[in-house]
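Enquirer: A structural model of the following input is requested.
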Amino acid sequence: MNQSDHDFDKTTIRVELSDAHHDIIIDWSKEFDDVVKEMFRQLAEFTGMPIEKTWAVRFMKPPGNDVHPENPFVHFAGSNSCLVIGNSPEFNIQYTKEDIRYKFFGDDNCFALNTMLDTTFFENDLTAEYLLFHRDLIDETECNTMFCHHSSNRAFLDKQAKIMNFNFESYLRDRPLPNLSIDNFDVILARKWKILVDLNIGQYFDSYCKVYVSNETFDRRRLRTYWPNRG
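Expert: You can find the predicted model right below:
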């Protein structure tokens, strides 16, 4: 990729849905914290997700020739290269700006987007995570264990954004709060299921794509989290 002197300190990341795309411009001349803030701002501009409820963006791409520690994004031979950038300064101390610029991003920075929604652990708010997969990891016609085509489109993303901008805290104030603790995980999970069913939004949290979820290590047999006959 040929660059002018003006663009030497910038990297373009193409974020794609099946029917839309957006270019994220990273300006490496800025401080690292400002680079991260700008990345989340530009992603929010494309997705409609509130920045304060988006906790991380995860990039996946094929591995290079080096492994950890020479390449901090490939932890063992044969694994994919993974970069996780958190929406808080303390989350990103494991990387340097130089590592990300020179050891992760290259000339081909085209990534397809899945957006994962969840509740916070004690279910007092909603959170989102961007999952960006390099095109070389994706089958162009079928879902695989990393990427789902069903949820990578503008209509699905717009519905997710509408959910994330919903006044969830107001909804919870009208519901009794059980005794939630880290030792009472079954109660927490059952309450999450009930919330998703009541709001009929479970299909935007727990993927219905059997191929996409087949690599999960826990048992996904669970209560239906949405009503299939409701809009």
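Enquirer: every contact and neighbour count from this point should use C-alpha atoms.
Expert: Noted.
Enquirer: enumerate the beta-bridge partners assigned to the spatially most central residue of the chain.
Expert: For the chain, the residue nearest the mean C-alpha position is Y130 (1.9 Å; CA atoms, centre = their mean). For Y130, the beta-bridge assignment (DSSP bridges) gives partners V57, T115.
Enquirer: for it, what are its contacts?
Expert: By CA atoms under 8 Å, 6 or more residues apart in numbering, the residues touching Y130 are 54, 56-58, 113-116.
Enquirer: what's the most distant pair in the residues you listed?
Expert: Across the contacts of Y130, no pair lies farther apart than T54 and L113, at 14.3 Å, counting by CA to CA.
Enquirer: which one of those two has more residues nearby?
Expert: L113 (27 against 22; other CA atoms under 10 Å).
Enquirer: hmm, that one is touching H134, no?
Expert: No - at 9.2 Å, L113 and H134 do not qualify as touching, with contact defined as CA atoms under 8 Å.
Enquirer: show me what contacts F91?
Expert: Neighbours of F91 in contact, by CA under 8 Å, 6+ apart: I85.
Enquirer: what helix or strand does D99 sit in?
Expert: Element membership for D99, per DSSP states H and E: helix 97-99.
Enquirer: where does pLDDT dip in the chain?
Expert: Counting by pLDDT under 70, the ranges of the chain that qualify are 1-7, 65, 67-68, 121-122, 176-182, 206-208, 210-231.
Enquirer: related to what we said a few turns ago, only whichever of the contacts of Y130 are buried, select them in PyMOL.
Expert: Buried members of the contacts of Y130, defined by 16 or more other CA atoms under 10 Å, are picked up in PyMOL with:
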select buried, resi 54+56+57+113+114+115+116
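Enquirer: reformat the contacts of Y130 as a markdown table; add distance to A161.
Expert: What follows is these, written out as a markdown table (distance: CA to CA, whole Å):
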| residue | distance to A161 |
| --- | --- |
| T54 | 11 |
| A56 | 16 |
| V57 | 16 |
| R58 | 18 |
| L113 | 14 |
| N114 | 13 |
| T115 | 10 |
| M116 | 11 |
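Enquirer: which of the contacts of Y130 lies closest to N124?
Expert: Distance to N124 across the contacts of Y130 (CA to CA) is lowest for T54, with 14.6 Å.
Enquirer: skipping adjacent residues, who's closest to that closest one in space?
Expert: A128 (4.6 Å; CA to CA, 6 or more residues apart in numbering).
Enquirer: okay, that neighbour and S18: tell me how far apart.
Expert: Distance, A128 to S18, using CA to CA, to the nearest Å: 20 Å.
Enquirer: of those two, who's got more company?
Expert: A128 (24 against 14).
Enquirer: just how off-centre is the host helix or strand of the more buried one within its chain?
Expert: Element membership for A128, per DSSP H and E: strand 126-134. From the chain centre to the centre of strand 126-134 is a distance of 1 Å (CA atoms, centre = their mean, to the nearest Å).
Enquirer: over to stretch 54-72?
Expert: The chain centre lies 15 Å from the centre of stretch 54-72; the measure is CA atoms, centre = their mean.
Enquirer: now do the helices in the protein.
Expert: Taking DSSP state H, the helices of the chain run over residues 32-47, 97-99, 154-164, 168-173, 185-199, 210-213.
Enquirer: could I get the third one in PDB with only the CA atoms?
Expert: As requested, the backbone C-alpha atoms of helix 154-164 are provided in PDB (Å, rounded to 0.1, in the frame of the first residue of the first chain):
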ATOM      1  CA  ARG A 154     -27.400  -3.700   8.900                       C
ATOM      2  CA  ALA A 155     -31.000  -4.700  10.000                       C
ATOM      3  CA  PHE A 156     -29.700  -7.000  12.800                       C
ATOM      4  CA  LEU A 157     -27.100  -4.400  14.000                       C
ATOM      5  CA  ASP A 158     -29.700  -1.600  14.000                       C
ATOM      6  CA  LYS A 159     -32.000  -3.800  16.200                       C
ATOM      7  CA  GLN A 160     -29.000  -4.500  18.600                       C
ATOM      8  CA  ALA A 161     -28.300  -0.800  18.800                       C
ATOM      9  CA  LYS A 162     -31.900   0.000  19.600                       C
ATOM     10  CA  ILE A 163     -31.700  -2.500  22.500                       C
ATOM     11  CA  MET A 164     -28.500  -1.000  23.700                       C
END
